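J.: Please find the sequence and the predicted model below.
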Amino acid sequence: MLNIVIFGAPGSGKGTQSERIVNKYALNHISTGDVLRAEIKNGTELGKTAKGYIDQGQLIPDALMIDILASVFDSFKDSKGVIFDGFPRTIAQADALKNMLAERGQDVSIMLDLEVPEEELMTRLIKRGQDSGRADDNEETIKKRLHVYHSQTSPLIDWYKQEGKYHHINGLGTMDGIFAEICEAIDSL
Ligand code: ATP
Ligand code: MG
């Protein structure tokens with residue numbers, strides 16, 4: 001299996017590039033943000049819990065996210081590989097992902113870090129909030145999310161470097177240009 005972690009700050013383009021990777025390499029896609037938004041839309045208990053955290057720009061507790069991830073992963077049959085979009089976001093989640101894959105005889109193949117300057121992230125997310133109306137894409141919540149990214153999520157860069165899985169991608173440029181860089185990294189595996 002080709003198991004790809006797509007990583008980056010909020011607004012770095014994980015969702016956009018994941019869609020392209022999924023189409024080209026015929027992978028399954030787990031976007032934890034999309035899973036949570038679907039639960040909120042359907043008014044489930046999980047959705048109600050998640051909304052409280054998301055609206056505050058905070059992360060959903062690790063134990064809950066890890067359970068969700070494993071159940072989505074196990075719903076895929078005869079998978080050629082999975083793209084993990086928005087997970088892991090903490091060291092505990094990265095450990096859990098590693099263990100979950102190991103229990104299934106699998107491993108992360110590569111971690112792609114989409115790096116985008118902070119001013120550009122702000123601009124993109126504010127625009128996305130205006131276009132799509134995503135409730136957490138407002139200036140105050142974006143600032144909290146970027147803070148959470150720096151404190152809880154960015155330590156994963158060194159974690160994946162130690163695992164020998166880290167690959168930097170310049171997330172600034174055209175969508176096609178960024179995708180070409182991603183394909184080059186995947187094709188070199
Ligand atoms: P991007 O724009 O690059 O897709 P994003 O950070 O804007 O990234 P999502 O990945 O959709 O958006 O996540 C939205 C929110 O869902 C997060 O701010 C967080 O509250 C919650 N969330 C998503 N994934 C996780 C996770 N792995 N652990 C904890 N909370 C999560
Ligand atoms: Mg997303």
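T.: Perfect, thanks for sending it. Ligands and ions are numbered 1, 2, ... in the order given.
J.: Closest residue of the protein to ligand 2?
T.: In the chain, the residue that lies nearest ligand 2 is G15 (3.5 Å; Cβ to the ion). Using the backbone N, CA and C atoms, a C-beta is placed for each residue, glycine as well.
J.: Spell out which residues of the protein are next to ligand 1.
T.: 8, 10-12, 14-15, 32-33, 36, 53-54, 58-60, 65, 86-87, 89, 93, 136, 145 (Cβ under 6 Å from any ligand atom).
J.: Among those residues, which ones are in helices?
T.: Within these, residues falling in helices by DSSP state H are 14-15, 32-33, 36, 53-54, 65, 93, 145.
J.: re the thing from before, buried among the residues of the chain next to ligand 1? Need that as a selection in PyMOL.
T.: The buried subset of the residues of the chain next to ligand 1, as determined by 16 or more other Cβ atoms under 10 Å, is captured in PyMOL by this line:
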select buried, resi 8+10+11+12+14+32+33+36+54+59+60+65+86+87+89+93+136+145
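J.: Serialize the ones in helices among the residues of the chain next to ligand 1 to JSON lines and add fields for pLDDT.
T.: Formatted as JSON lines, these follow (pLDDT from 0 to 100):
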{"residue": "K14", "pLDDT": "98"}
{"residue": "G15", "pLDDT": "97"}
{"residue": "T32", "pLDDT": "98"}
{"residue": "G33", "pLDDT": "97"}
{"residue": "L36", "pLDDT": "97"}
{"residue": "Y53", "pLDDT": "98"}
{"residue": "I54", "pLDDT": "98"}
{"residue": "M65", "pLDDT": "97"}
{"residue": "Q93", "pLDDT": "98"}
{"residue": "R145", "pLDDT": "98"}
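J.: And those residues, which is closest to E115?
T.: The closest of these to E115 turns out to be K14 (Cβ to Cβ; 11.9 Å).
J.: Does that closest one touch F84 like I think?
T.: No. If you go by Cβ atoms under 8 Å, K14 and F84 don't touch, sitting 9.6 Å apart.
J.: What does the pLDDT read for the nearest residue to E19 once chain neighbours are set aside?
T.: Distance criterion Cβ to Cβ, 6 or more residues apart in numbering; nearest residue to E19, sequence neighbours excluded, is H29 at 7.6 Å. Listed pLDDT for H29 reads 98.
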